[in-house]
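Asks: 3D model of this:
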Amino acid sequence: MLPSCKQIAEQASENIDQPLSGMRWFKAKLHLIMCGYCRRYTKQMELSSQVVNQLSENGDVDQAMQQQVEQCFHQLHGKDKKQ
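Replies: Below is the predicted model:
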């Protein structure tokens, strides 16, 4: 059974910390092939993560700010990860 849109959104958030693998990755890819909304959402999550990482590498964002942004991503999906 393919994951729901809600599950894909949660996985997109988790994917920031650690890429999906195995069957979870395969099922997510099948869902993304069929669902344009989730494709757009996951691309936005990836882009946001890349921007924050790029800013932190350039010294424009300190570690605390980066952690706050990552925490916000997780809070969007009820996965409050305090670091």
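Asks: which intervals of this protein have sub-threshold pLDDT?
Replies: Applying pLDDT under 70 to the chain flags the ranges 60-62, 73-83.
Asks: Spatially central residue for it, please.
Replies: residue 13 (2.9 Å; Cα atoms, centre = their mean).
Asks: give me phi/psi at that one?
Replies: Dihedral angles of residue 13 (phi, psi; degrees, to the nearest 10) stand at phi -70, psi -40.
Asks: Can you measure across stretch 30-44, start residue to end residue?
Replies: Distance across stretch 30-44, first residue to last, is 18 Å (Cα to Cα, to the nearest Å).
Asks: Give me the buried stretch members for that stretch, please.
Replies: Going by neighbour count (16 or more other Cβ atoms under 10 Å), the buried part of stretch 30-44 is 31, 32, 35, 38, 41, 42. All C-beta spots, glycine's among them, are computed from the backbone N, C-alpha and C.
Asks: which of the residues you listed sit farthest apart?
Replies: Pairwise distances across the buried residues of stretch 30-44 (Cβ to Cβ) peak at 11.3 Å, for the pair 31 and 41.
Asks: Can you work out which residues contact both of the two?
Replies: residue 8 (Cβ atoms under 8 Å, 6 or more residues apart in numbering).
Asks: Among the buried residues of stretch 30-44, name the ones in helices.
Replies: Applying DSSP state H to the buried residues of stretch 30-44, the entries found in helices are 31, 32, 38, 41, 42.
Asks: nearest to residue 57, of the buried residues of stretch 30-44?
Replies: Nearest member of the buried residues of stretch 30-44 to residue 57, counting by Cβ to Cβ, is residue 42, at 22.4 Å.
Asks: how much space between the closest one and residue 58?
Replies: 25 Å (Cβ to Cβ, to the nearest Å).
Asks: Over to residue 49?
Replies: Relative to residue 58, and taking Cβ to Cβ, residue 49 is found at 15 Å.
Asks: And the two? Which one has more around it.
Replies: residue 49 (19 against 8; other Cβ atoms under 10 Å).
Asks: Tell me which helix or strand that one sits in.
Replies: Assessed by DSSP states H and E, residue 49 sits inside helix 36-57.
Asks: do the same with residue 7
Replies: helix 5-17.
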